[in-house]
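A.B. asks: sequence first, then the predicted structure:
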Amino acid sequence: MILFHGSDREIEKPDILHSRKEVDFGAGFYATPIEEQAKNWCRKFIRKGRCGIVSVYDFDEMAFDRFRTKKFETYSDEWLDFISQCRAGKDLSDYDSIVGGVANDRVFDTIELYFENLISRKEAIGRLAMEKPNLQICFRNQETIDNYLKFERSFCV
């Protein structure tokens, strides 16, 4: 499987040490099988006058069977709870990798309204059901990265 990572630099050797904690699936190295999504991740760097670089990797999907992987097929109550815990820095799960939808701008707006108690849980899930998930994979185990994620190349956006 080909995966992409958007950043302001080429990342030949991904690691989990340089990750932020309070994001969708917690601390880890994030990648996506959707090239356009990785380019979108670069836009925040481009807006700040920096380069946008997409690193490309070959990923051996056998890792999903060998390590603890959580997959969210859709935006759901379970996904919303997990995102809420991770973004609050309260994730206690021990998954090695997590696969699921990205909290993009429209999804993030719904989540923020829910966090601020401006819409109900039922309404948040209803709104999220209308969104087509962009897929992201969060690698939270360095062994998985080192053994199953191989850098191929990078390119500027």
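C.D. replies: Received the coordinates, thanks.

A.B. asks: what lies in contact with stretch 98-116?
C.D. replies: 24-26, 28, 32, 37, 40, 64, 69-75, 79-80, 82-84, 87, 119-121, 123-124, 127-128, 131, 133-138, 140 (Cβ atoms under 8 Å, 6 or more residues apart in numbering). The way it works is simple: take the backbone N, C-alpha and C, and place the C-beta from them, glycine included.

A.B. asks: pull that stretch out as CSV, backbone CA atoms only.
C.D. replies: This file holds the C-alpha atoms of stretch 98-116, laid out as CSV (Å, rounded to 0.1, in the frame of the first residue of the first chain):
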residue,chain,number,x,y,z
ILE,A,98,-5.3,3.5,14.3
VAL,A,99,-7.1,3.8,10.9
GLY,A,100,-10.0,6.1,10.4
GLY,A,101,-11.5,9.4,9.3
VAL,A,102,-9.7,12.7,9.4
ALA,A,103,-11.3,15.5,11.4
ASN,A,104,-11.0,17.9,8.4
ASP,A,105,-12.3,21.5,8.6
ARG,A,106,-16.0,20.6,8.2
VAL,A,107,-15.7,17.6,10.5
PHE,A,108,-13.7,19.7,13.0
ASP,A,109,-16.3,22.4,13.1
THR,A,110,-18.9,19.8,14.0
ILE,A,111,-16.6,18.4,16.7
GLU,A,112,-16.0,21.8,18.1
LEU,A,113,-19.7,22.5,18.4
TYR,A,114,-20.1,19.2,20.2
PHE,A,115,-17.2,19.9,22.5
GLU,A,116,-18.7,23.3,23.4
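
A.B. asks: so for it, mean pLDDT?
C.D. replies: Mean per-residue pLDDT for stretch 98-116: 82.

A.B. asks: same check, this time on stretch 10-21
C.D. replies: Per-residue pLDDT over stretch 10-21 has a mean of 93.

A.B. asks: how long is that stretch end to end?
C.D. replies: One end of stretch 10-21 to the other measures 21 Å (Cα to Cα, to the nearest Å).

A.B. asks: buried residues, that stretch. List them.
C.D. replies: 10-11, 14, 16, 19 (16 or more other Cβ atoms under 10 Å).

A.B. asks: any of the contacts of stretch 98-116 buried? List them.
C.D. replies: In the contacts of stretch 98-116, burial by neighbour count holds for 24-26, 28, 32, 37, 40, 64, 69-70, 72, 75, 79-80, 82-83, 87, 119, 124, 127-128, 131, 133-138, 140, counting by 16+ other Cβ under 10 Å.
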